[in-house]
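Colleague: my questions concern the predicted model and sequence given below.
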Amino acid sequence: MGMDKDYEDIPGTFVFDADRGREGYHLNQFCISLRLQENRDTFNTNEESYLDAYPMTAEQRAAVLNREWNRLLELGGNIYYTSKLAANDGINFQDLAGIMTGMGREAYRDMMLHGGRSPEGNRYQSEWDKKEND
Amino acid sequence: MARITAGVGCSHVPAIGVAMDSGITEQPYWEPVFEGFEKSREWMKDQKADVIFLVYNDHCTVFDASCIPTFALGCAAEFAPADEGWGPRPVPVVKNHQKLASHIAQSLILDEFDITIMNEMEVDHGLTVPMSVMFGDKGPDDKWPVLVVPLCVNVVQYPAPTGNRCYNLGKAVRRAVESFDEDLNVVIFGTGGMSHQLQYKRAGLINKEWDTDFLNRLTTDPVSLSQMPHVEYLREAGSEGVEMVMWHVMRGALDDDVTEVHRHYHVPASNTAVGHIILENKTS
């Protein structure tokens, strides 16, 4: 019997559970390696050869090289790991959120200054589906 | 006898550390965040605490995915600030009360909380930001005015420990502290939160109503609050809002009846609602 994933109907959200952790393991281990300057230097000199040390899938590797931030999460990445790759690129948490939400830096920052994203209409996937169909 | 006299709940947003380290706390964006900690710093001085028992989480900095302890107790002599991808924070090395830490480790395990013992560990912003907001600016050559026993909780890999487990762990931490012979004033910090989501298309979620209710019930109704299921944190307070379970460890270590002496709440700090509360035992 499997575990009941009662969190799967939260829209625009990945819960980093055992299945995602397993899928993203090598991707996340690559990302965390970048927290050290020595590794950042090696990676930045030759990304492809640095990635050879991490047996991630071809899709994960392409998402790293192309800096597809949402795709990285879809493929098992976790934000605290992928943010290490972003930090390497000089992108902080807030600017990364601006990219992932598709809002862009200024609009996202402005939303946060005005109290953030309201929970109203953002609790259930069905609410997002309804918005899309309206 | 050592005793726990008070508890502090406190967000540990990394950008707060960056703001302090780069000297921009007086800018209009940051000024209201730090204003709410002015009273806290005065209070902290007045406590004359000997030790902080600091509950926090690592953000995939020191712990990679190869080993994920649910509860890891820092038993090393000291803990250096870690490089999180942009260089270590320029703050002092954190010194442990090593004898107290190893006493707590033994006591917890015999009390059936099977924690992990860390004899080597660096610490990230989850620990150093609460130290900075409560004790003020300190450079790498300064010293923190207290010793720190760190307890690192996994809240990244789902599931985090339940609120109930955290609350009961707090009670076990109290029993451990109170069975330590040295006369020590211990203040416990529960850190993280409040509502925030850093990832994917719902990033930026803030739920002020939920946060306010959490703070209210933390003071007056902690047992029922500790029963909240994970899915409610995730849905209502954002995927990273589940960090709030760590506040239950702090609350569990205090008396049932506490006095709320200070509260601060502000949106935003980067992606996050900053929440802060100070609770004192009435008996101490």
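Modeller: Yep, it's here.
Colleague: where does chain B dip in pLDDT?
Modeller: Per-residue confidence for chain B (pLDDT under 70) gives these ranges: B:284.
Colleague: in chain B, which spans are strands?
Modeller: Across chain B, reading from the start of the chain, the strands by DSSP state E fall at B:3-10, B:51-56, B:71-74, B:78-79, B:94-95, B:116-118, B:147-153, B:185-191, B:258-269, B:272-281.
Colleague: tell me which of these sits most buried.
Modeller: Ranked by mean neighbour count under mean count of other Cβ atoms under 10 Å in any protein chain shown, the strands of chain B are led by strand B:51-56, which reaches a mean of 28. Bear in mind the C-beta positions are built from the backbone N, C-alpha and C, glycine included.
Colleague: what's near enough to touch the residue of chain B found nearest chain A?
Modeller: Residue nearest to chain A within chain B (Cβ to the nearest Cβ): residue B:206, separated by 2.8 Å. Counting by Cβ atoms under 8 Å, 6 or more residues apart in numbering or on different chains, residue B:206 makes contact with A:112, A:115-118, B:195-196, B:238, B:267-268, B:272-273.
Colleague: one more time with 10 Å, if that's ok
Modeller: For residue B:206, the residues meeting the contact criterion (Cβ atoms under 10 Å, 6 or more residues apart in numbering or on different chains) are A:111-112, A:114-119, B:194-197, B:237-238, B:241, B:267-268, B:271-273.
Colleague: next one: residue B:152
Modeller: For residue B:152, the contacting residues are B:54-58, B:62-63, B:69-74, B:115-116, B:118, B:121, B:123-124, B:126-127, B:246, taking Cβ under 10 Å, 6+ apart as the criterion.
Colleague: what about the residue nearest to residue A:67 when sequence neighbours are not counted, neighbour count?
Modeller: The spatially closest residue to residue A:67, leaving aside those adjacent along the chain, is residue A:89, at 6.9 Å (Cβ to Cβ, 6 or more residues apart in numbering or on different chains). Residue A:89 is surrounded by 11 other residues when neighbours are defined as other Cβ atoms under 10 Å in any protein chain shown.
Colleague: I figured residue A:89 hits residue A:31, correct?
Modeller: No. With contacts defined as Cβ atoms under 10 Å, residue A:89 does not count as touching residue A:31, sitting 11.8 Å away.
Colleague: pLDDT score assigned to residue A:1?
Modeller: At residue A:1, the predicted lDDT confidence score is 56.
Colleague: can you tell me which of the contacts of residue B:206 end up in helices?
Modeller: With helices identified by DSSP state H, the entries of the contacts of residue B:206 that belong to them are A:111-112, B:237.
Colleague: out of the residues you listed, who has the most neighbours?
Modeller: residue B:237 (26 neighbours).
Colleague: and that one, what is it in contact with?
Modeller: Residue B:237 is in contact with A:119, B:193-197, B:205-207, B:210-211, B:214, B:228, B:243-244, B:273, counting by Cβ under 10 Å, 6+ apart.
Colleague: let me know the pLDDT of the closest residue to residue A:68 other than its chain neighbours.
Modeller: For residue A:68, the nearest residue in space outside its immediate sequence neighbours is residue A:62; the separation is 7.7 Å by Cβ to Cβ, 6+ apart. If you check residue A:62, the pLDDT there is 98.
Colleague: quickly find the element holding residue A:62.
Modeller: Remark: residue A:62 resides in helix A:58-65, with elements defined by DSSP states H and E.
Colleague: put the alpha carbons of the very next helix or strand once past that helix into CSV.
Modeller: Sequence-wise, the next helix or strand beyond helix A:58-65 is helix A:69-74, with elements assigned using DSSP H and E. Once non-C-alpha atoms are left out, helix A:69-74 reads as follows in CSV (Å, rounded to 0.1, in the frame of the first residue of the first chain):
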residue,chain,number,x,y,z
TRP,A,69,14.6,26.5,-13.4
ASN,A,70,11.1,25.1,-13.4
ARG,A,71,12.1,22.1,-15.4
LEU,A,72,14.7,21.3,-12.8
LEU,A,73,12.0,21.1,-10.1
GLU,A,74,9.7,19.0,-12.4
